[in-house]
Every structure is written in structure tokens, then in C-alpha cells.
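Q: the sequence and its predicted three-dimensional model are supplied below.
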Amino acid sequence: MAILIDDPQWPAHGRLWAHLVSDSNLAELHAFAAAAGIPRRAFDLDHYDVPDERHADLVAAGAEHVGGRELVRRLRASGLRITARERRAPKA
């Protein structure tokens, strides 16, 4: 079980963002995020969006820094990945 973080390379709102995910379960991800002071509103179905200035702190807190492709590969392998199609699907 690991918490993973990729490089902050996703621009939005005048800054760069990274993704924080779990390679095993969402409860682990939510617990890590809460302990790190990341608000729940930063959660986007299968990951947290975190600003670049938090990256080093999250790695120091135990998140494993990986490249974007590795992060997606491990997220898919965990079964937690939400695809673009699933994101667009109407809510029931």
C-alpha cells in the first residue's frame, strides 16, 4: 500500500498542480490527505489535486514521488481509476 504523487505539471488557477493517489484504497488516501491538511474539496473521484508548493511536504510526509505514467499505471492496477467516460456519465 502506498500513497503516490506525480510532478506538479497541471496548470490551473495560476499555478501548477500534482495528483495524489493511493495504489490500494480510498480510505488510505483520505486518511493521508486529512493528516496532511488537504481539504476534502480537493478530492476528484480518484485523486486529490494538490498545489505545487505542497509537493515537497507531501513527499516528506511519506508520499512516493513517481512520474505521471507510473502514477496512472498503478492507479489503474488498483482498480480505483475513474476514466474520462465515467467522469462524464450522468449521475444516477
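A: Received, thanks. Numbers count the residues shown, from 1 in each chain.

Q: helix/strand/coil for Glu86?
A: State at Glu86, reduced to three classes by DSSP: H, G, I helix; E, B strand; the rest coil: helix.

Q: tell me what the most centrally placed residue in the chain is bridged to.
A: What sits nearest the mean C-alpha location of the chain, by C-alpha atoms, centre = their mean, is Leu20, with 2.2 Å. Using DSSP bridges, the bridge partners assigned to Leu20 are Ile5, Tyr48.

Q: list the contacts for it?
A: 3-5, 29, 32-33, 38, 47-50, 58, 63 (C-beta atoms under 8 Å, 6 or more residues apart in numbering). C-beta coordinates here come from the backbone N, C-alpha and C atoms, glycine included.

Q: one more: Glu86?
A: Leu45.

Q: apply 6 Å and report the result again.
A: Counting by C-beta atoms under 6 Å, 6 or more residues apart in numbering, Glu86 touches no other residue.

Q: over to Asp73: give its phi and psi.
A: Not quite, residue 73 is Arg, not Asp. phi -60, psi -50 (degrees, to the nearest 10).

Q: Ser24 reaches Ile3, doesn't it?
A: No. If you go by C-beta atoms under 6 Å, Ser24 and Ile3 don't touch, sitting 9.3 Å apart.

Q: which one's more surrounded, those two?
A: Taking other C-beta atoms under 10 Å, Ser24 and Ile3 do not tie; Ile3 has more neighbours (22 against 16).

Q: show me the helices in the protein, by range?
A: For the chain, the helices defined by DSSP state H cover 26-35, 55-60, 68-78, 84-88.

Q: switch these over to TSV; also include mean pLDDT and distance to Arg15.
A: Formatted as TSV, the helices of the chain follow (pLDDT from 0 to 100; distance: least, C-beta to C-beta, whole Å):
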stretch	mean pLDDT	distance to Arg15
helix 26-35	97	18
helix 55-60	98	11
helix 68-78	93	17
helix 84-88	83	22
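
Q: JSON lines for these, including distance to Phe43?
A: Shown next, in JSON lines, are these (distance: least, C-beta to C-beta, whole Å):
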{"stretch": "helix 26-35", "distance to Phe43": "7"}
{"stretch": "helix 55-60", "distance to Phe43": "14"}
{"stretch": "helix 68-78", "distance to Phe43": "14"}
{"stretch": "helix 84-88", "distance to Phe43": "13"}
